[in-house]
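> predicted model and sequence follow; I will ask about them next.
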Amino acid sequence: MHNRPPSTFTRQLQELRASLSPEAPDPLIDPPPDAFLHLWECAKDARIEIRNLLVVRQPLDFRAAGAYSVEDHDIWVWYAPDAPEEQALRTLLHELAHAQCPPTLPYASFKEEWEEERATWKRAIVLARAWRMEHLFSEEIIATLLEEVEACLQQRLAASAILGSSDMALTERTLKQLWCEANARGWTSELLHNMLTGANADPGLLMEVLTFDRCVLHACWEIVHELEDDPDPDMLFGPLSRLGEGTRLASAVVLLQRTLASCARQEEALHTRLAAHSWQVVTLGSMSYERSRQVIQDEASLQEAQAILTGFFGGEAAQRYCQRITGTPHMNQSLETADNEHVAGPLF
């Protein structure tokens with residue numbers, strides 16, 4: 001008879017233990033405090049399908065206070081020594097409400113997921129009242145919890161827009177990396193939320209976001225794929241995704257800004273120069289754009305910009321932008337016009 005493999009939460013607990021120093025206290029609080037055991041017994045009496053309760057001093061997952069395993073029927077709850085017990089008990093009730101009515105996974109969308117979270121909190125409040133723990137949910141606390149649910153939804157929708165994908169698992173990893181980058185800069189959760197949702201448009205902070213929106217962030221996206229000797233290039237964002245060190249990344253962002261500014265100046269000069277000519281063609285029936293390209297003196301900067309933009313947006317989009325700057329709808333092609341057709345005025 002085969003032994004049952006360790007559950008997901010047990011493996012996470014083992015990994016957490018392995019990451020701690022030998023002098024650190026065991027992350028598992030065993031046995032759990034009496035108040036947790038009381039709720040656990042109430043859930044068993046209510047015939048809620050549950051298996052193991054893990055009350056831990058450190059979270060098993062980043063920025064999570066607890067979780068319920070649909071597969072294993074286990075629950076873990078983070079109970080920090082310096083946090084109120086009532087806060088951890090509310091988390092336990094929330095996870096027991098999940099166990100009472102397990103969600104159908106996977107969710108179809110973030111809106112469906114967080115609507116389920118809202119409904120789960122409401123079921124947790126009902127359980128608390130049934131088990132004489134209604135003091136855990138004052139009207140103020142209930143309002144705060146529901147506001148947090150809405151904030152979590154909006155953060156994921158914003159992160160999905162930044163990522164450019166509706167993939168929920170990938171968006172979650174993206175949001176976690178955004179949290180890491182924000183924490184490294186000393187940002188509060190509220191500030192990150194306001195930046196993601198557009199409530200805060202401070203130019204200085206937006207420039208900081210530029211440094212991790214795509215580049216540093218992509219270090220997280222790339223490692224979610226199986227390690228391969230020859231990774232799929234379509235899954236990568238280009239050379240800037242390799243710039244793991246902050247100083248190199250900052251230099252790359254400055255380079256991008258300088259190059260784009262140079263291109264913008266050249267584009268402005270191109271507009272000015274073209275506006276001074278009538279550009280009439282009455283003989284050959286075609287007009288070459290090569291003359292208009294003569295104003296672009298810094299081809300190296302243009303190529304540099306296209307390479308950098310490719311890293312952000314892909315080759316096709318970068319090429320279209322750079323073609324617009326040079327005034328060439330299609331590289332090395334000319335614009336066909338009918339014989340004796342009058343072409344006048346600026347070309348843009």
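Nice, I can see it. Residues are numbered from 1 along each chain as shown.

> hey, where'd the strands end up in the stretch 51-200 of the chain?
53-56, 66-68, 75-78 (DSSP state E, counting those that start in this stretch).

> in the stretch 1-150 of the chain, which spans are helices?
Along the stretch 1-150 of the chain, the segments classed as helices by DSSP state H, counting those that start in this stretch run 8-19, 34-45, 85-100, 110-130, 139-163.

> most tightly packed of the ones you listed?
helix 85-100 (a mean of 21; mean count of other CB atoms under 10 Å). For the C-beta atoms, the positions are set from N, CA and C on the backbone; glycine is no exception.

> which stretches of the stretch 151-300 of the chain have low pLDDT?
164, 209-300 (pLDDT under 70).

> who's in contact with Gln100?
Residues in contact with Gln100 (CB atoms under 8 Å, 6 or more residues apart in numbering) are 43, 46, 48, 123, 127.

> could you do Ser7 as well?
Counting by CB under 8 Å, 6+ apart, Ser7 touches 51-52, 69, 71-72, 74.

> just flag the most distant two among these.
Farthest-apart pair in the contacts of Ser7 is Asn52 and Glu71; separation 12.5 Å (CB to CB).

> ok, these two, which is more surrounded?
The residue with more neighbours, out of Asn52 and Glu71, is Asn52; 14 against 9, by other CB atoms under 10 Å.

> state the pLDDT value of the more buried one.
We have a pLDDT of 97 for Asn52.

> surely it meets Asp74?
Yes. Counting by CB atoms under 8 Å, Asp74 is a contact partner of Asn52 at 4.5 Å.

> spit out the residues that contact those two alike.
Residues touching both Asn52 and Asp74 (CB under 8 Å, 6+ apart) are 7, 9-10.

> where's Lys44 relative to Leu105, distance?
Separation of Lys44 from Leu105 (CB to CB, to the nearest Å): 24 Å.

> nearest residue to Cys152 in space, please, no chain neighbours.
Excluding its sequence neighbours, the residue lying closest to Cys152 (CB to CB, 6 or more residues apart in numbering) is Trp114, at 6.0 Å.

> contact partners for the one you found?
By CB under 8 Å, 6+ apart, the residues touching Trp114 are 149-150, 152-153, 156.

> repeat for Ile125
134, 137, 142.

> surely Leu175 and Arg156 touch.
Yes. Checked against CB under 8 Å, the pair Leu175 and Arg156 is within contact range at 6.2 Å.

> of all the contacts of Trp114, which comes closest to Leu60?
Cys152 (18.6 Å).

> pretty sure the closest one contacts Glu117?
Yes. The pair Cys152 / Glu117 is scored as a contact, 7.4 Å apart, by CB under 8 Å.

> domain ranges for the protein?
Domain segmentation of the chain under automatic domain parsing yields 166-244, 251-336.

> could you find the closest non-adjacent residue to Tyr79?
Ala88 (4.1 Å).

> ok, that neighbour to Ile75 distance?
On the measure of CB to CB, Ala88 and Ile75 end up 12 Å apart.

> touching both of those two, which residues are there?
With CB under 8 Å, 6+ apart, Ala88 and Ile75 have common neighbours Gly66.

> please name the residues that touch the closest residue to Ala158 other than its chain neighbours.
Nearest non-adjacent residue to Ala158, counting by CB to CB, 6+ apart: Leu196, 3.9 Å away. Residues near Leu196 by CB under 8 Å, 6+ apart: 154-155, 158-159, 162, 178.

> repeat that for 7 Å
155, 158-159 (CB atoms under 7 Å, 6 or more residues apart in numbering).

> I'd like those residues as CSV, with distance to Leu28 appended.
Listed next are the contacts of Leu196 as CSV, based on distance: CB to CB, whole Å:
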residue, distance to Leu28
Gln155, 30
Ala158, 36
Ala159, 32
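
> that older thread, in CSV: the helices of the stretch 1-150 of the chain, plus distance to Ala307.
Output for the helices of the stretch 1-150 of the chain, formatted as CSV (distance: least, CB to CB, whole Å):
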stretch, distance to Ala307
helix 8-19, 39
helix 34-45, 56
helix 85-100, 48
helix 110-130, 34
helix 139-163, 22
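
> how much space separates Glu140 from Arg132?
Distance, Glu140 to Arg132, by CB to CB: 20 Å.

> then Ala158?
40 Å.

> can you check Asp30 too?
From Asp30 over to Arg132 (counting by CB to CB), the distance is 26 Å.

> could you do Gly186 as well?
Distance, Gly186 to Arg132, by CB to CB: 42 Å.

> same question, His98
Going from His98 to Arg132 by CB to CB gives 21 Å.

> what's the answer for Cys101, then?
Taking CB to CB, one finds Cys101 at 21 Å from Arg132.
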